[in-house]
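Asks: What follows is a protein structure lacking sequence information:
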């Protein structure tokens, strides 16, 4: 499917009582099998019942993995990088879509100067994260662990997007 389920099934999404729920709250594992539990604000019409069947045909192949932590995935890669974002934006621009330059949008005075500077440094991957300080030889590599989650290295992508 090329589009988000909330777009493909707008009618069902509009009457869902779980719009802001996490996946772990809209189902459970029965043994090794994931069971979706979708709920609605009202009883479904016959047309909505048909849409639900179509949705369930899609969801039967999509479910969380047991004993694995959810993660955000950037396209086909597991990690996000600013370079990948710029390449994607450039591809959209070449395909005829109007895409503002990321550099120009940083300096558009919609945030305080400190925030703009931090965003600029993040785009350049120059924020003084532990990862950068280890690469510069300022910190030993053993301390390169995120202070928030203590599970991954503290780099720009993890700190601002994944943690």
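Replies: Cool, the structure landed. For clarity, every value in this text was computed on a predicted model and none was experimentally measured.
Asks: Tell me which residue lies farthest from the centre of this structure.
Replies: residue 46 (33.7 Å; CA atoms, centre = their mean).
Asks: Distance check, that one against residue 53.
Replies: 11 Å (CB to CB, to the nearest Å). For every residue, glycine as well, the C-beta is placed using N, CA and C.
Asks: per the record, what domains does the protein have?
Replies: Domain assignment for the chain by automatic domain parsing gives 5-59, 82-162.
Asks: what's the first-to-last distance across the shortest one?
Replies: Read that as domain 5-59. The first residue of domain 5-59 is 10 Å away from its last residue (CA to CA, to the nearest Å).
Asks: and it, average pLDDT?
Replies: Averaging pLDDT along domain 5-59 gives 89.
Asks: and if you look at the last one?
Replies: Computed over domain 82-162, the mean pLDDT rounds to 77.
Asks: Check the offset of that domain from the chain's centre.
Replies: 15 Å (CA atoms, centre = their mean, to the nearest Å).
Asks: what's the span of that domain, first residue to last?
Replies: So domain 82-162: terminal residues 13 Å apart, CA to CA.
Asks: what ranges do the helices span in this protein?
Replies: Under the criterion DSSP state H, the chain contains helices at 5-8, 10-15, 46-59, 82-94, 102-106, 113-123, 130-135, 156-157.
Asks: Among those helices, single out whichever gets nearest to residue 31.
Replies: Residue 31 lies closest to helix 46-59 among these, at 17.9 Å (CB to CB).
Asks: which strands and helices sit next to the closest one?
Replies: Based on contacts counted as 3 or more CB pairs under 8 Å, 6 or more residues apart in numbering; DSSP states H and E, the elements that helix 46-59 packs against are helix 10-15.
Asks: Enumerate the positions of the helix it packs on that are buried.
Replies: residue 12 (16 or more other CB atoms under 10 Å).
Asks: got it, and stretch 53-62?
Replies: By 16+ other CB under 10 Å, the buried positions in stretch 53-62 come out as 55, 59.
Asks: closest to residue 68 out of the domains of the chain?
Replies: When the domains of the chain are compared by CB to CB, domain 5-59 sits nearest residue 68, at 11.5 Å.
Asks: and of the domains of the chain, who's closest to residue 69?
Replies: Checking the domains of the chain against residue 69 by CB to CB gives domain 82-162 as the closest, at 9.1 Å.
Asks: ok, and which of the helices of the chain has the densest surroundings?
Replies: helix 156-157 (a mean of 20; mean count of other CB atoms under 10 Å).
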